[in-house]
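A.B. asks: Turn this into a model:
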Amino acid sequence: MIFAAITHHCELTTFANMIAVITGDIIGSQKASPRLWLSSLKKELNAIGESPRYWEIYRGDSFQLLVTSPREVLRVAIKIKASLKCIPEIDARMAIGLGDYAHREPRVTESNGTAFVHSGELFEKLKSEKQNLAIRSPWPEFDREMNLLLKLSLIVMDHWTMNAAEVVKTTMENPGKVQEELGQIVGIRQNAISNRLKRAYYDEIMEVNELYIHTLASLQ
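C.D. replies: From the prediction side, this is the model:
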């Protein structure tokens with residue numbers, strides 16, 4: 001069973017105050033005009049909150065995002081990745097840090113706490129290991145198991161075609177719509193939506209996200 005429940009009082013207290021931070025950068029940013037990917041990135045970040053309190057873009061192609069609900073953060077990261085992979089030769093590398101606040105500033109990049117430390121340290125590790133998505137929390141065993149699932153998921157997600165990424169993005173943006181309606185949005189037939197979602201392993205990746213949510217909920 002993934003990640004046995006934690007009962008230590010201090011860890012439960014930490015969870016109650018937990019936030020999530022994504023530190024990331026744009027892979028392939030030098031291969032395309034920023035106009036092609038910057039608007040897509042800003043749209044995803046603005047869906048979470050306003051800048052600079054919740055997100056900032058810095059050093060041209062790096063970004064940091066605060067997600068106040070840790071249970072939502074993996075889905076947010078998947079959505080960012082899908083949105084950016086709709087653009088030729090563009091992808092995102094993202095380190096998810098779970099933890100708390102020590103100090104909050106008006107600018108997210110000037111705030112600090114264990115969530116920021118976990119995200120920042122993990123991001124540097126991802127760059128050296130050439131991995132595009134991982135998570136670090138206060139619980140090493142949880143990280144080990146979740147990161148194995150993410151590593152397996154990246155075998156597919158890192159190779160999404162633009163068509164697959166577009167359908168994943170559209171499906172995530174319209175959770176209440178059936179495939180025929182999604183096809184009308186994208187401009188393709190329902191069976192093409194179904195085939196692209198299967199090739200993207202959308203259901204399996206969403207199952208990983210549900211397992212992530214369920215595991216965090218079991219800590220309460």
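A.B. asks: Show me the helices in the chain, by range?
C.D. replies: Applying DSSP state H to the chain gives helices spanning 9-16, 34-46, 73-84, 114-129, 140-157, 162-173, 179-186, 190-199, 202-217.
A.B. asks: Between helix 190-199 and the last one, find me the angle.
C.D. replies: Between the axes of helix 202-217 and helix 190-199, defined by axes from the mean of the first three to the mean of the last three CA atoms, to 10 degrees, the angle is 50 degrees.
A.B. asks: which residues touch helix 202-217?
C.D. replies: Defining contact as CB atoms under 8 Å, 6 or more residues apart in numbering, one finds that helix 202-217 is touched by 2-3, 15, 70-71, 74-75, 78, 142, 146, 149-150, 153, 156-157, 167-168, 171, 197. Placement of C-beta: from N, CA and C, glycine included.
A.B. asks: Could you check how many residues crowd around residue 183?
C.D. replies: Neighbourhood size, residue 183 [other CB atoms under 10 Å]: 19.
A.B. asks: I should have written residue 80 there, sorry.
C.D. replies: By other CB under 10 Å, the residues close to residue 80 number 25.
A.B. asks: do residue 125 as well
C.D. replies: Neighbour count for residue 125, taken as other CB under 10 Å: 13.
A.B. asks: Quick check: mean pLDDT of stretch 57-74?
C.D. replies: The average pLDDT for stretch 57-74 rounds to 96.
A.B. asks: Please apply the same query to stretch 117-128.
C.D. replies: Looking at stretch 117-128 alone, the average pLDDT works out to 95.
A.B. asks: What are the buried residues along it?
C.D. replies: Using 16 or more other CB atoms under 10 Å as the test for burial, stretch 117-128 gives 118, 119, 120, 122, 123, 126.
A.B. asks: which ones are touching the third one?
C.D. replies: Going back to what we said before, that points to residue 120. Taking CB under 8 Å, 6+ apart as the criterion, residue 120 is in contact with 23, 95, 97.
A.B. asks: In terms of distance to residue 58, which of those residues ranks first?
C.D. replies: Nearest to residue 58 among the contacts of residue 120 is residue 23, at 10.3 Å by CB to CB.
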